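[1] Would you be able to build a 3D model of this:
(2 chains)
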Amino acid sequence: MDVSRKYENFLEFRRQEKSNFLWISRTLRPKVANVQEAPCSPSLHKDEVLQSPKIQELLDKLSSVQNVPKGHLEKQVKEILDEIGYNKSLKVIRWLGLVLTKICLRVSSGIYINVNKVQQVRSKMGNCPVIFVPSHRSYADFILMSYMCFTYEIVIPAIAAGMDFHGMWGMGTMLRDTGAFFMRRSYNDDSVYWTVFKQYIYQLVTRGDLPIEFFIEGTRSRSNKSLAPKFGLISMILKPYFFAQVPDILFVPISISYDRVLEENLFAYELLGVPKPKETTSGFFKSLKILKERFGSIFFHIGEPISSKEFFGDSIDRSIHATASLHKQDLTDQEKSVIPPLAFEILHRQQQGFVITIFNLVALVLNNTYTNKKKLPTILELKQQLLWLRSIIESLGAYIHCDDLEKEIRECLVVHRNIIHFNSNNEVSLVETQIHQGKVNIQKLKAHQLSDQTMTYSVPFVALQIYVNPTLFYLFDLAVLFTVIQKEGALNKEDLWVRYHFLRSLYAMEFVFPPQKEHITYESALENAIAVNALILAGDTYIVGRNVELQEILHSSFKPFLLSYSTVFLVLQHLPLACEQKTILANVQRILEDAINNKESFVHPYTLNLDTLSNCINSLCAMSVLKKARRENAVSFEINKTELDDVKTRLDLYIPTLCINEDLLVNLQLQNKL
Amino acid sequence: MPPPPSQNSKIKEPIFVKSVIPKSRQQLLKWNGWGYTDSQFVVKVDEHKNIQVYFTGKRYPIGEVTLPHLAQWAIDKLDLDLTQPPKRSQPPPTESQYPESKIPESILLKLKNFSISYSIDIVDRVVRAHGQTLHDIYTLRNSVFERIPDVVVWPTGHDEVVKLVTLCNDNNIVLIPYGGGTAVSGAVECPTSEQRPIISLDTSQMNKILWLDRDNLVACCESGIVGQDLERELGRMGFTTGHEPDSYEFSSLGGWVATRASGMKKNTYGNIEDLVVHVKMVTANGVLEKGCQVPRLSCGPDFNHVILGSEGSLGVVTEVVIKIRPLPQCRKYGSVVFPNFETGVKYMREVAKRRLQPASIRLMDNDQFKFGMILKPEESYFGIILDGIKKFYITKIKGFDVDQMCVMTLLFEGDETDVKLSEKKLYELAKQFGAIPAGETNGERGYMLTFVIAYIRDLGLQYDVVAESFETSVPWDRAVTLVKNVKQVVAQECQRLGITHYIINSRVTQTYDAGCVIYFYLGFNHRDLGDPVDLHNRLETKARDEILASGGSISHHHGVGKLRRKWYPKTVSNVGLSLYLSIKRELDPKNIFATNNLVQSKL
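    Sure, this is the predicted structure:
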């Protein structure tokens, strides 16, 4: 067995030991990332940033331009640094460690980690900056990351956190004391703030000895799929490498998989467009009701570390920065251009690292059952299907955590009792709960206001889809290939590539993958498709294979995404040349809501989700079908109708027929005319 | 105390200097290693398996005393197996190992007619086929060079060199100048693919001091004079050049010019380019020299700088007018202990900023500091880290970490009052940096070890350990990161190559207004790992790449030669490269100085 997939349940040690208190108060000799001769305290970091030539020169300039005393500006910078800077209180860490131990022992059945890799990463630490890059599926991520580090005697990282936590009373301070530093949202364009923030990162990378932790997806993924990587923070982190201020930077991709995501219900609502509540401390205490719930297991998968030096190799000549003061220089275009491939590679390793749970497979089976209006399975039938599906998904490269299938299924029914249960026929089915939204503040809605009926019907499907999504990392490429061949018949490799490339690019934001690896991905997808008999290679053309059950699953899992995208296109066709994002989203949801409630044919409620709709819009922007413009806090788009028609025609080839209420479209045009 | 300058004594010029080094070098110097044959590290294992290491001979202060801590250090750090019999070098080269000399009889006849001494003896030829790189020494000990000179010639003056160069140019014969043989850049090695006959021009017999000009404080010397001879002779007359590269016992004046050498005491006396007032270089196109002997002139470009650093590729340096100074009244050593390397570098930067440098100021990193202690002859282990009470004071009261602290060595030269003042300023400043003065003896030992350390590689070679040094210059603000980066890259690369036991340490050896010089030692155990020279080259290439990436240079004083050619175009720009090639074409159209240094010649 692959040793990198050997997991150890470290929560079990806590369960076994006599006193958790003794454990949290033990003497710590944690491994640091980049040993410094004279280590910096959190406040020294801030001082050094303030005294850096970069900030000092900026202040001199501003002071003379704005005619304000420099001391006044320095005070402002200090305030900014106090807002940003991390702190470190071992006492807080230990107490938090104890509370967390107690909570986890109660709600979680195990926290697993591939311990070999932890040791490997530890052994590589010490000589250069180390960056932990975990996936982001839950607020629990960074608390658990720190808990993991505390357990394995790795020094608690400096963690990049969003400002939403900063405002929470008590919480902000506590997180800061455990190493969090705070970053404002990117649309803030205060140039002094960003210069200070960038210098702070530069400082942590060059002079710090802690690992740095940040979420490359930028925010929590509500869909349980990876979000496209952000390049801002990683560029700041890499700058000292390009400037040869550090010998190398190690990026450690970390995938955190949850049996049950803490925020699943919230996410289902958010995906449908009900705005998330602002983070408040009372909100946090309300969420303490989770203590009564079960959340199953959590899996840390530490991926193979990426050395920047090796990754960039000879494509980067760091000596070009040798002829001038570093603080007066910026990254070159060449340097900027090599960052995205690294970001995608880190993300890709996260994707490969995720652990697939049995419930992911259960969700996939049920989803297929409902989509195709088949008979709901009994537990035995479910087990049969899971056995078959497991071997297929495993053959596609997934690691599935399962010791005893029947036990795991029963565990699913307990942990996910809010989503699935036995119905009166002893079949496994979705739980339906009546939803009353009460009074909705229309202003806060991100798109269309869905009716209570729609919400009641949709939320269980969306919640289920959250657990289907992780499996799509393994199925999406096959689904694309199969859909193309099914609709277009036999194609040779080159022609199939053209279609694959089109769909792959269109869905690049939905199913993120490294663009630099598209050809390799294509090749291995073809091999896999043949291996599982989704396709057959006849001579030099590909035709439909014989694995009908799998084909059905491929079809049913791709379908919602096809429908969502096609509906976006349809709406765009009927909108004027310039329109706001909210208009697009609302109209798409309106049309789809109607189609769902029509119930003539099954339309998956997940088609309503704003995540997919925005991904579609972003893809269209990348393909220059749409042009983004930001005015007065609203995002709007210009539509290139010819390009749009072209893309729509190409996509519609694969779209299952959808019963659209034409009145709604006419209505749409009328609205615009008014 | 040196004798006062003997202004009145009659000195007959030119001064024929009797060199310490005989014409047949191998009689005094190792043919297959560094330095004098009577000086080397020796391992003795007695019947109780007790291992003792000592240094032979009385030439250096650590001679003939046992070094009780060296063996254990070498075992721990480099996994030396001292119980195994040492790997002996092959015997001196024989005729059968090499092809016969390609030199035509007609040329030998010409040499006879010119009365220029020559030899086609195989040992003479092999001895002049190399410098002191790891590749050179490893080859001497274990195999054969691909190409060696066909004949060695010993001209005795400028005019004979002119005749030789003309002879070679007329007959399309390659001429490679050879001075002290201490190059660590591959500069004197014969290009392996050279088909023409190769003459090695040994300058050792042109070592006269032609005249001394006391009014202007300059001396005109022939280029073959080696450092220790020059200093000894000038010293007798009350003078010094003050140019003291670590190799000065063996390296020659012409070599210093040809490589842009730098001396330990450059703060007081200047580097070679500051010391040279006038120089003659015999090229295939005639003699390049200036028409005056003045301190400076506004008449550019300065063609002295075409000669300086030409590494034998453009012609032969024959005569140099070099600055001399009266011997200093007072010479004093000193040392200072710093809590860590970074603080030490900050201190040096401050010293440079205030231009307070004494003749020499050097900072050894923690590894070198420890190694210096290891070479102490004291028996007690604690004694070697720091003597008793001092250790307590430094580690407990000052809170220094034994695994971080560094030592700086100082050398003062000048009037007694000046030296005192300089000491006062430096030690006071040191206090502000939390450093502690550590006495004269430690300083003196530090400089002495510089000369001895060159011998240690020969010991390692007998036990599967190879070692080499490399250096660079770097702006102040990037010095510390350069050191850190290089050490990490070497560590990473060692891991990749499967090297488990290695040392990589560094020191700051020179300071300037705008930056400093870093000197690295690299050594590793290559048992069971394949060709050590190849392994070393890979490591050094990675290290040099990292040096350039970190803002450092191709070299501060070792030169480019053949080893560092790869980085030459990047260093001088493509325009610079073609400019050099144009000069080469102009001065040496037939490429008789086919050293292939700086640039692989395609002429």
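[2] Any regions of chain A where pLDDT drops low?
    For chain A, the stretches flagged by pLDDT under 70 are A:1, A:186-188, A:275-290, A:657-660, A:669-674.
[3] Check chain B too.
    Across chain B, the ranges flagged by pLDDT under 70 are B:1-10, B:378-389, B:392, B:396, B:602-603.
[4] which bits of it sit near chain A?
    Within reach of chain A by CB under 8 Å from any CB of the partner chain, chain B has these residues: B:340-343, B:404, B:477-478, B:481-482, B:484-486, B:488-489, B:491-492, B:546, B:548-551, B:570. The C-beta positions use only the backbone N, C-alpha and C, and glycine is treated the same way.
[5] how about a cut-off of 7 Å?
    Proximity of chain B to chain A, by CB under 7 Å from any CB of the partner chain, involves residues B:340-342, B:404, B:481, B:484-485, B:488-489, B:491, B:546, B:548-551.
[6] Return the member of those nearest to A:Phe344.
    Distances from A:Phe344 to the residues of chain B next to chain A, taken as CB to CB, are shortest for B:Ala549 (24.8 Å).
[7] ok, the residue lying closest to the closest one once chain neighbours are set aside - how many residues close by?
    Spatial nearest neighbour of B:Ala549, chain neighbours left out: A:Arg318 (3.6 Å); criterion: CB to CB, 6 or more residues apart in numbering or on different chains. When neighbours are counted by other CB atoms under 10 Å in any protein chain shown, A:Arg318 registers 21.
[8] how about A:Arg318, phi and psi?
    In terms of degrees, to the nearest 10, the main-chain angles of A:Arg318 are phi -70, psi -20.
[9] for B:Val279, same thing?
    The phi/psi pair for B:Val279 (degrees, to the nearest 10) reads phi -150, psi 140.
[10] residues contacting B:Gly344?
    For B:Gly344, the contact set (CB atoms under 7 Å, 6 or more residues apart in numbering or on different chains) comprises B:Phe338, B:Leu363, B:Cys406, B:Met408.
[11] one step back: who wins for most neighbours among the residues of chain B next to chain A?
    Within these, most neighbours by other CB under 10 Å means B:Ser550, with 29 neighbours.
[12] excluding its backbone neighbours, what's nearest that residue?
    Per CB to CB, 6+ apart, closest to B:Ser550 is B:Leu482, 4.0 Å.
[13] thinking again about what came up before, these two touch, right, the residue nearest to B:Ala549 and A:Ala244?
    Yes - between A:Arg318 and A:Ala244 there is a contact under CB atoms under 7 Å: 4.5 Å.
[14] which residues do those two both contact?
    B:Ala549.
[15] Residue in the stretch 1-150 of chain B with the shortest distance to chain A?
    B:Lys77 (18.1 Å; CB to the nearest CB).
[16] is it true that that residue touches B:Ile503?
    Yes - using CB under 7 Å, B:Lys77 is in contact with B:Ile503, at 5.8 Å.
[17] check contacts around A:Arg220.
    Taking CB under 7 Å, 6+ apart, we find A:Arg220 in contact with A:His136, A:Arg137, A:Ser138.
[18] For chain B, tell me which of those residues show up nearby.
    Okay, of the contacts of A:Arg220, nothing touches chain B (CB under 7 Å from any CB).
[19] Neighbour-wise, which one of the residues you listed leads?
    Most neighbours among these, by other CB under 10 Å: A:Arg137, with 28 neighbours.
[20] Would you mind confirming that that residue is in contact with A:Ser226?
    No - taking contacts as CB under 7 Å, A:Arg137 lies outside contact range of A:Ser226: 9.5 Å.
[21] Tell me the buried residues in the host helix or strand of B:Leu449?
    Per DSSP states H and E, B:Leu449 falls inside helix B:440-461. For helix B:440-461, burial by neighbour count (16 or more other CB atoms under 10 Å in any protein chain shown) applies to B:442-447, B:449-461.
[22] quick one: contacts of that helix?
    For helix B:440-461, contacts defined as CB under 7 Å, 6+ apart pick out B:33-35, B:39-41, B:55, B:60-62, B:137, B:141, B:246, B:332-335, B:362, B:372, B:375, B:407, B:409-411, B:466-467, B:523.
[23] which ones among those residues are found in helices?
    B:Ile137, B:Arg141, B:Gly372 (DSSP state H).
[24] Could you dump those residues into CSV with neighbour count added?
    Shown next, in CSV, are those (neighbours: other CB atoms under 10 Å in any protein chain shown):
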residue, neighbour count
B:Ile137, 23
B:Arg141, 16
B:Gly372, 18
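[25] quick check, nearest of those to A:Glu310?
    Closest to A:Glu310, out of all of those and judged by CB to CB, is B:Ile137, at 32.9 Å.
[26] What is the neighbour count of the closest residue to the closest one other than its chain neighbours?
    Closest residue to B:Ile137 in three dimensions, ignoring its sequence neighbours and counting by CB to CB, 6+ apart: B:Gly33, at 6.1 Å. When neighbours are counted by other CB under 10 Å, B:Gly33 registers 21.
[27] Helix, strand or coil: sort out the residue of the stretch 101-250 of chain A found nearest chain B for me.
    Per CB to the nearest CB, the residue of the stretch 101-250 of chain A with the smallest distance to chain B is A:Pro247, at 3.7 Å. Three-state call for A:Pro247 (DSSP: H, G, I helix; E, B strand; the rest coil): coil.
[28] mind checking how far it is from A:Cys40?
    Using CB to CB, to the nearest Å, A:Pro247 is found at 19 Å from A:Cys40.
[29] returning to what we had before: please report how far the residue of the stretch 101-250 of chain A closest to chain B lies from B:His501.
    Counting by CB to CB - A:Pro247 and B:His501 are separated by 21 Å.
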